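Chemist: give me a 3D structure for the following:
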Amino acid sequence: MADAFSIGTSALFSLQQAIKTTGQNIANVNTEGYSRQFVDFSARRPEGQGGFYLGTGVEITAVRRAYDQFLTQDFQSRTSSAAYYSSLAETSGRIDELFADPTTGIGPALNDFFASMEAVANSPTTLPERQVMISQAETLAQRFQYFDGRLSEFQTELNVKIQTAASDVNQYAQVIAELNDQIALQDAQTGGNPSGDLLDQRDLAIARLSELVQTSTQVQDDGSVNVFIGKGQPLVIGSNAGLLKAVPDDLIPNRLSLFVETGGQQGVEITSFLNGGEIGAALAASDDVIDKVRRDIGVLAAGLTVQFNQVHREGIALDGASTGINFFASAAGVPNDPSQTSGTGTATISAIIDDPLDPTDDDNITQLTGDSYRLDYSAGNLRVTNLTANTPPQDIIIPAATTDFKLLIDGVTLTIDDTTNLADGDIFLLAPTASAAGNFGVAITDPNDVAAAQALDSPGDNRNIQALIELQDEATLVGEATFADFYTNTTSSIAVQTRRANSLAETEASLLASATARKENVSGVNLEEEAANLIRFQQAFQAAAQVITVSRDIFDTLLRATE
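Modeler: Residues are numbered from 1 along each chain as shown. Now for the predicted structure:
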């Protein structure tokens, strides 16, 4: 039967734990991810005595952490979004700076090149002006190559970031799986009251994971948490952690694909499903920024090459006889040859930009769009899908047993070496203008080869160089733009994209700060509150000790009374 001594003792033990918990809160006020803990007091079961019941003291039923599931999930979501837009804004900003720099820009070099031809037009029979024209063309080629090289460097950096992030994802997944195992064990031992410290560590690991890729969680009955990334791809199931792998992409050179392996099963590609976080931003920057910019400046490089060469070939060199000379290297119009990426066929496809101008268009607008394409072969049918434009795929029947089958797509001639070598499931990727800027170059070195004239018997004729100069003002590129306008439009588009990314990054940073504040209001340690609790528990402890003292004195008095 309970007495005053046992009641006081129960109070001492319970208040001692409350003081320890308060001390734990104070000690971890600066610990990242720590949630304030508190004890749940509960009166012991009363005991009947005569016609009434008397209390038997107090006990601690649980030590819980201050936690709100919805605030935590919102915090994790905002963490992912903030990391995504911050990383995307950084990449966009670097490309914007590249295009906006007047000392390295393509636009100024393009203007200087056309300006140098004015001097040739004024003095078509002298060599110095022609040499300056070639020199300015070489400067323009260097600018194209520099831009392409910098964009390639940016892509390489993004690949390194993806690989590093994938490694970090695997580390956090392993930590979460191990914590799941410990929490499930404690949950079973305590009847659903695992350590708040372990739960905090797991939440922190999930938050760090959210910085890398968008995550979602699902709490299980045993206290463990299943973690999914992207659009529901499992990464952690109970105590089993998946493995995220970054491997070279089969379709796109210099790009990475991401696979997740769980339970020892074969990896499943989830590249297109990943979003949010640094990995999602890196993938988006590769697709929507770097690839697009490379293809756009490739349109400018290829369009300039083909159109300039076409006019230049019609002119006559200074010797009065030579004609049909290309001014720019024809390699500028050659994309990376697409390669077979799957299937068992041995056919190869070559591609060259040889006729970008639409012969059916009175305005002579180029057919080059800067789009990329995927070619799928099956049972004599070649399906061409524009990966950039949202248009229905085009099905093309290939005659059986034909060699050098040719297909014209938007100014690009594709040649299949031998259709008998095609096999069902063969896939090819075509990005016609992706490498045009990097391959842009000047074909002639001798100033005598500049074809300024049109008539054989008139060395002073400048009509062809005038025709070349007029190309500067002709709106022949996609969107009915001149060369300069197209470059300006590309630069402006990058600037707009960068401003939007910066604006969204600022917005998401603000939303993350708000989500963090709301979470901290519930879970954070308030030193003033803890100090007040410490004093309250201390006073209660002292009072409980006094109960024991009084109880002892009463017991001693009773003993003396019976002597």
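Chemist: pLDDT weak spots in the stretch 201-350 of the chain?
Modeler: Across the stretch 201-350 of the chain, the stretches falling below the confidence threshold (pLDDT under 70) are 264-266, 330-343.
Chemist: now the chain
Modeler: Per-residue confidence of the chain (counting by pLDDT under 70) places the weak regions at 1-2, 264-266, 330-343, 354-366, 457, 459, 563.
Chemist: nearest spatial neighbour of K231, skipping sequence neighbours?
Modeler: With sequence-adjacent residues excluded and distances taken as Cβ to Cβ, 6 or more residues apart in numbering, K231 is closest to F273, at 4.4 Å. The C-beta positions use only the backbone N, C-alpha and C, and glycine is treated the same way.
Chemist: could I get the full set of strands for the stretch 351-500 of the chain?
Modeler: Secondary structure of the stretch 351-500 of the chain, counting by DSSP state E, counting those that start in this stretch: strands at 373-378, 381-386, 394-397, 403-409, 412-418, 427-430.
Chemist: need the winner for burial among the ones you listed.
Modeler: Comparing those by mean neighbour count (mean count of other Cβ atoms under 10 Å), strand 427-430 ranks first with a mean of 22.
Chemist: what are the pairing partners of that one, and which direction each?
Modeler: The pairing partners recorded for strand 427-430 under DSSP bridges are strand 373-378 (antiparallel).
Chemist: angle of the partner strand against strand 381-386?
Modeler: Between the direction of strand 373-378 and that of strand 381-386, the angle (axes from the mean of the first three to the mean of the last three Cα atoms, to 10 degrees) works out to 160 degrees.
Chemist: need the residues that contact strand 373-378.
Modeler: Judged by Cβ atoms under 8 Å, 6 or more residues apart in numbering, the contacts made with strand 373-378 from elsewhere in the structure are 251, 338, 343, 345, 349, 382-387, 398, 409, 414, 422-432.
Chemist: let's go with 6 Å and repeat that
Modeler: Strand 373-378 has contacts (Cβ atoms under 6 Å, 6 or more residues apart in numbering) with 382-387, 422, 424, 426-430.
Chemist: CA atoms of that strand as PDB?
Modeler: Output for strand 373-378, consisting of C-alpha atoms alone and laid out as PDB, is shown next (Å, rounded to 0.1, in the frame of the first residue of the first chain):
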ATOM      1  CA  TYR A 373      16.000  14.300 -82.600                       C
ATOM      2  CA  ARG A 374      15.700  10.700 -81.700                       C
ATOM      3  CA  LEU A 375      15.500   8.000 -84.300                       C
ATOM      4  CA  ASP A 376      14.000   4.600 -83.500                       C
ATOM      5  CA  TYR A 377      14.100   1.700 -85.900                       C
ATOM      6  CA  SER A 378      11.700  -1.200 -86.000                       C
END
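Chemist: mind checking how far it is from the chain centre?
Modeler: Shown here is strand 373-378, whose average C-alpha point lies 26 Å from the average C-alpha point of the whole chain (Cα atoms, centre = their mean, to the nearest Å).
Chemist: isn't the residue nearest to K231 up against G230?
Modeler: Yes: using Cβ atoms under 6 Å, F273 is in contact with G230, at 4.0 Å.
Chemist: pull the residues that contact stretch 102-122.
Modeler: Around stretch 102-122, the neighbours that count as contacts under Cβ under 6 Å, 6+ apart are 129-130, 132-133, 136-137, 139-140, 143, 452, 462, 465-466, 469, 472, 483, 487.
Chemist: which ones are touching V39?
Modeler: Counting by Cβ under 6 Å, 6+ apart, V39 touches Q17, A18, T21, I60, V63.
Chemist: doesn't F537 make contact with the second one?
Modeler: In this case it means A18. Yes: in this structure, A18 is within contact of F537 by Cβ under 6 Å, at 4.7 Å.
Chemist: so how far is F228 from the residue nearest to K231?
Modeler: For F273, the distance to F228 equals 10 Å [Cβ to Cβ, to the nearest Å].
Chemist: which secondary structure elements does the top helix by length along the chain contact?
Modeler: When secondary structure is assigned using DSSP state H, the longest helix within the chain turns out to be helix 127-190. Packed against helix 127-190 by the contact rule (3 or more Cβ pairs under 6 Å, 6 or more residues apart in numbering; DSSP states H and E) you find helix 106-122, helix 196-212, strand 233-237, strand 240-241, strand 243-248, helix 277-284, helix 291-314, helix 436-439.
Chemist: compute the inter-axis angle for it and strand 243-248.
Modeler: Taking the same axes, to 10 degrees, one finds that helix 127-190 is oriented at 170 degrees with respect to strand 243-248.
Chemist: got the angle between helix 127-190 and helix 291-314?
Modeler: Put simply, helix 127-190 runs at 160 degrees to helix 291-314, going by the same axes, to 10 degrees.
Chemist: distance between helix 127-190 and the chain's centre?
Modeler: 9 Å.
Chemist: between strand 233-237 and it, find me the angle.
Modeler: Following the same axes, to 10 degrees, one obtains 40 degrees for the angle between helix 127-190 and strand 233-237.
Chemist: quick one: helix 127-190 to helix 106-122, angle?
Modeler: For helix 127-190 against helix 106-122, the angle between stretch directions is 170 degrees (the same axes, to 10 degrees).
Chemist: report the angle between the axes of helix 127-190 and helix 196-212?
Modeler: Computed with the same axes, to 10 degrees, the direction of helix 127-190 lies at 160 degrees from that of helix 196-212.
Chemist: who touches stretch 394-404?
Modeler: Outside stretch 394-404, the residues within contact range by Cβ under 6 Å, 6+ apart are G380, N381, L382, R383, V384, F405, T415, D418, T419, T420.
Chemist: count the residues that sit near the closest residue to G55 other than its chain neighbours.
Modeler: Distances taken as Cβ to Cβ, 6+ apart put P46 closest to G55, at 5.3 Å, once the chain neighbours are dropped. Counted with other Cβ atoms under 10 Å, residues neighbouring P46 total 13.
Chemist: surely P46 meets Y53?
Modeler: Yes: when contacts are counted by Cβ under 6 Å, P46 is listed as touching Y53 (4.1 Å).
Chemist: neighbour count: F273 and G230, which is higher?
Modeler: Summary of the neighbour comparison: F273 and G230, criterion other Cβ under 10 Å, with G230 having more neighbours (22 against 16).
Chemist: mind checking the SS state of the closest residue in space to V225 that isn't next to it in sequence?
Modeler: The shortest distance from V225 to any residue that is not its chain neighbour, by Cβ to Cβ, 6+ apart, is 5.0 Å, and that residue is T217. Following DSSP: H, G, I helix; E, B strand; the rest coil, T217 is assigned to strand.
Chemist: distance check, T217 against T79.
Modeler: Distance of T217 to T79, computed by Cβ to Cβ: 13 Å.
Chemist: the more surrounded of those two?
Modeler: Neighbours per residue, other Cβ under 10 Å: of T217 and T79, the larger number sits with T79, 25 against 19.
Chemist: could you list the buried residues of the helix or strand the more buried one falls within?
Modeler: Here T79, judged by DSSP states H and E, is contained in helix 69-100. Of the residues in helix 69-100, 71-96, 98-99 count as buried by neighbour count, 16 or more other Cβ atoms under 10 Å.
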